[in-house]
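Chemist: quick one, what's the 3D model for this:
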Amino acid sequence: MLVSAPDILNASILIVDDQASSVSLLKQLLSEAGYACVASTMNPQEVCALHRKNRYDLILLDLQMPGMDGFQVMEGLKTNDADGYLPVIVLTAQPGHKLRALQAGAKDFASKPFDLVEVKTRIHNMLEVRLLYRKLDDYNKVLEQTVQERTAELAHGKANLEISVAERTAQLNAANDELRNQGVELSKRNQEITLFSKMNDFLQTSTTEAEAYSIISATVTQLFPEDSGAVFVLNASRDMLEAAAVWGPLPPAKLIFPPNECWAHRRGQIHLAIGHERWCPHVTDDGHRYVCLPLLAQGETLGILHLLDGPVKNGKADEARMAEKCKLAKILADNIGLGIANLKLREDMRNLSIRDPLTGLFNRRYMEETLAQEQHRTKRNDAQLAVIMIDIDHFKQFNDNFGHDGGDAILRALGAFFKKHVRGSDIACRYGGEEFILILSPSTAEGARQRAEKIREDAGLLSVSHANRDLGAITLSLGVAIFPDHASEAAAIVKAADVALYQAKRGGRDRVVMAVQKAPQPS
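Modeler: Coordinates of the predicted model:
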């Protein structure tokens with residue numbers, strides 16, 4: 001028993017934002033969408049009092065307003081909400097605030113400046129879940145009231161039991177059947193809401209895509225135990241849909257296919273095949289009904305949810321069941337889309353913290369932390385590691401002759417070059433400016449020297465162009481230091497490689513120089 005459109009449009013909404021333009025834009029969006037009960041305030045101190053009085057179904061809360069900490073307001077709302085449900089979508093332009101707000105209890109977020117389609121979708125989904133909770137409470141009250149009414153009827157008819165026992169018994173049996181059916185339906189809906197809530201909680205704390213898709217697969221199996229299906233996501237080049245999660249007794253035969261083979265992806269809307277509808281080319285089993293739904297988030301199509309119906313049971317009743325199943329699958333697809341988008345957002349934020357944005361290599365802070373760990377591991381294994389410090393010869397001339405854009409093109413090309421010249425256990429990072437560091441773990445002195453010479457020779461073969469101009473030959477100077485031969489501490493190893501690099505540049509550049517062996521400690 002899902003929430004009807006009139007229920008959602010009659011929901012009460014409070015907008016909390018100190019920017020009149022944002023309030024006006026949101027009010028216009030909500031008015032155009034048909035929402036009737038919309039209020040707003042620019043005074044953060046009024047929020048909790050207004051919510052206690054009006055019990056809003058949804059609060060759109062700006063996290064950054066004068067004289068207000070949005071997270072404290074959320075704590076106040078949570079304290080004053082009897083059911084413990086915090087009906088808040090936070091409004092923020094700060095990426096770092098989104099995850100923190102979700103952890104603080106907010107149910108969703110909307111980024112500033114607003115993507116109106118995204119905001120509308122998030123508001124609708126939030127209200128649907130919120131009103132489902134309230135519907136469940138109402139149904140429980142109806143059940144309790146119905147039981148009380150039936151008990152009163154039995155007590156009142158006790159005096160005329162002999163003449164009315166058959167009729168009352170029949171009525172009671174019918175009522176009990178109805179109550180059982182309602183109880184089963186309510187229990188099912190409550191289980192669905194619980195599963196959605198648990199899935200969203202786990203998706204918010206997932207650290208890898210594999211973990212997230214495992215959670216999605218487990219949830220779908222519980223929601224649709226007799227069905228089969230898969231979640232397909234676009235690959236990096238966005239030219240193929242690949243199966244990320246598969247489940248059920250009849251999993252899809254095609255686990256990778258072009259996006260134009262799915263009608264849901266091509267049309268951007270649900271595609272239900274229950275009769276003579278056009279079938280998707282990627283579906284090879286034409287003996288079962290199925291539904292495909294696009295996974296959308298922030299105005300972007302991320303993939304599709306494919307659900308193949310279980311065994312056919314009985315004609316038209318089965319078609320009605322399939323139509324009802326599609327409504328639940330639509331909510332599931334919306335939640336999966338937002339979950340995947342949030343996971344990608346967290347992954348992007350992590351990369352920003354450890355990667356150099358220009359070259360795509362690791363940054364200096366990540367290198368220093370990793371070098372210290374590798375040093376301890378190497379020492380424990382009684383092995384060696386090498387640090388190669390690299391500098392682009394005459395880099396200033398590239399900037400002078402071709403501008404800083406030309407210099408950036410050189411740095412990007414070398415970033416891609418170093419990625420191809422490191423093993424899985426090695427680390428390549430941009431140390432600063434035109435200097436790079438490679439950590440080879442494990443490595444011998446001779447092996448590191450040969451790798452450095454190979455890098456120097458191959459770099460001389462690079463051809464880099466910018467704005468239809470050849471930027472000329474690239475030469476590198478390299479300094480190599482070995483742990484523990486040349487230094488016994490992480491910072492000292494880098495220093496030894498830097499000194500060797502300086503000697504290479506003094507010696508004429510375009511060469512490799514090994515660090516000087518450290519003096520033996522007196523016994």
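Chemist: so Ile474 sits right up against Ser463, yeah?
Modeler: No. The pair Ile474 / Ser463 is not scored as a contact, 9.1 Å apart, by C-beta atoms under 8 Å. For every residue, glycine as well, the C-beta is placed using N, CA and C.
Chemist: between the two, tell me which one has more neighbours.
Modeler: Ile474 (21 against 10; other C-beta atoms under 10 Å).
Chemist: my read: Arg430 touches Thr359, true?
Modeler: Yes. Arg430 is within contact range of Thr359, at 5.0 Å (criterion: C-beta under 8 Å).
Chemist: shared neighbours of the two, anything?
Modeler: Taking C-beta atoms under 8 Å, 6 or more residues apart in numbering as the contact rule, Arg430 and Thr359 both touch Leu411, Gly415.
Chemist: show residues contacting stretch 208-224.
Modeler: Residues contacting stretch 208-224 (C-beta under 8 Å, 6+ apart): 192, 195-196, 198-199, 202-203, 206, 229, 231, 244-248, 307, 310, 325, 328-329, 332, 336, 339-340, 343, 347.
Chemist: and stretch 165-177, which residues are buried?
Modeler: Using 16 or more other C-beta atoms under 10 Å as the test for burial, stretch 165-177 gives Arg168.
Chemist: how distant is that stretch from the center of its chain?
Modeler: With C-alpha atoms, centre = their mean, to the nearest Å as the basis, stretch 165-177 stands 53 Å off its chain's centre.
Chemist: state the mean pLDDT of it.
Modeler: Taken as a whole, stretch 165-177 has an average pLDDT of 80.
Chemist: give me the subset of the contacts of stretch 208-224 lying in strands.
Modeler: Applying DSSP state E to the contacts of stretch 208-224, the entries found in strands are Gly229, Val231, Ala244, Ala245, Val246, Trp247, Leu307.
Chemist: farthest pair within the residues you listed?
Modeler: By the measure C-beta to C-beta, Ala244 and Leu307 form the most distant pair in those, at 14.8 Å.
Chemist: and Ala383, what does it touch?
Modeler: Pro442.
Chemist: Gly447 contacts Leu440, doesn't it?
Modeler: Yes. Taking contacts as C-beta under 8 Å, Gly447 lies within contact range of Leu440: 7.5 Å.
Chemist: hey, what's in contact with both of those two?
Modeler: By C-beta under 8 Å, 6+ apart, Gly447 and Leu440 have these common neighbours: Ala386.
Chemist: same drill for these two, tell me which one is more crowded.
Modeler: Per other C-beta under 10 Å, whichever of Gly447 and Leu440 has more neighbours is Leu440, with 24 against 14.
Chemist: what bridges to that one?
Modeler: Beta-bridge pairing of Leu440 under DSSP bridges involves Ala386.
Chemist: list the contacts of it.
Modeler: Here Leu440 is in contact with Leu385, Ala386, Val387, Ile388, Val422, Arg423, Asp426, Gly447, Ala448, Arg451 (C-beta under 8 Å, 6+ apart).
Chemist: report the buried residues of stretch 17-26.
Modeler: By 16+ other C-beta under 10 Å, the buried positions in stretch 17-26 come out as Asp17, Asp18, Ser22, Val23, Leu25, Leu26.
Chemist: and the helices in the stretch 1-150 of the chain, which stretches?
Modeler: Ranges of helices in the stretch 1-150 of the chain, per DSSP state H, counting those that start in this stretch, are 5-9, 20-33, 47-54, 70-80, 95-103, 116-156.
Chemist: for the residue sitting nearest the centre point of the chain, which non-adjacent residue is spatially closest?
Modeler: For the chain, Leu343 is the residue whose C-alpha lies nearest the centre (C-alpha atoms, centre = their mean; 1.9 Å). Spatial nearest neighbour of Leu343, excluding adjacent residues (C-beta to C-beta, 6 or more residues apart in numbering): Ala212 at 5.3 Å.
Chemist: same thing with Leu295?
Modeler: Per C-beta to C-beta, 6+ apart, closest to Leu295 is Gly337, 4.0 Å.
Chemist: surely the one you found and Leu296 touch.
Modeler: Yes. Counting by C-beta under 8 Å, Leu296 is a contact partner of Gly337 at 5.0 Å.
Chemist: mutual contacts of those two, please.
Modeler: Taking C-beta under 8 Å, 6+ apart as the criterion, Gly337 and Leu296 both touch Leu302.
Chemist: please parse the protein into its domains.
Modeler: Domain ranges of the chain: 5-131, 206-351, 364-514, per automatic domain parsing.
Chemist: show me how far stretch 56-74 is from its chain's centre.
Modeler: Worked out by C-alpha atoms, centre = their mean, stretch 56-74 lies 24 Å from the chain centre.
Chemist: oops, could you answer that again for stretch 109-118 instead?
Modeler: In this view, stretch 109-118 has its centroid 16 Å away from the chain centroid, taken as C-alpha atoms, centre = their mean.
Chemist: any weak-confidence spans in the stretch 51-200 of the chain?
Modeler: Counting by pLDDT under 70, the stretch 51-200 of the chain has low-confidence residues at 80-84, 157, 159, 161, 185, 188.
Chemist: for Asp382, helix, strand, or coil?
Modeler: Per DSSP: H, G, I helix; E, B strand; the rest coil, the local secondary structure of Asp382 is coil.
Chemist: how close does it get to Pro484?
Modeler: Here the criterion is C-beta to C-beta, to the nearest Å. By it, Asp382 lies 10 Å from Pro484.
Chemist: low-scoring stretches of the stretch 301-450 of the chain, by residue?
Modeler: 311-318, 347-348, 350-353.
Chemist: all helices for it, in order.
Modeler: Using DSSP H, counting those that start in this stretch, helices in the stretch 301-450 of the chain cover 315-354, 364-380, 395-420, 445-459.
Chemist: with just CA atoms, put the second one into CSV.
Modeler: Only the C-alpha atoms of helix 364-380 are listed here, as CSV (Å, rounded to 0.1, in the frame of the first residue of the first chain):
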residue,chain,number,x,y,z
ARG,A,364,53.6,14.6,-1.5
ARG,A,365,51.7,14.0,1.8
TYR,A,366,50.6,10.6,0.6
MET,A,367,54.1,9.8,-0.5
GLU,A,368,55.6,10.7,2.9
GLU,A,369,53.0,8.6,4.8
THR,A,370,53.5,5.6,2.5
LEU,A,371,57.3,5.9,2.5
ALA,A,372,57.3,5.6,6.3
GLN,A,373,55.1,2.5,6.1
GLU,A,374,57.2,0.9,3.4
GLN,A,375,60.4,1.6,5.3
HIS,A,376,59.1,-0.3,8.3
ARG,A,377,57.9,-3.2,6.1
THR,A,378,61.2,-3.3,4.3
LYS,A,379,63.1,-3.3,7.6
ARG,A,380,61.0,-6.1,9.0
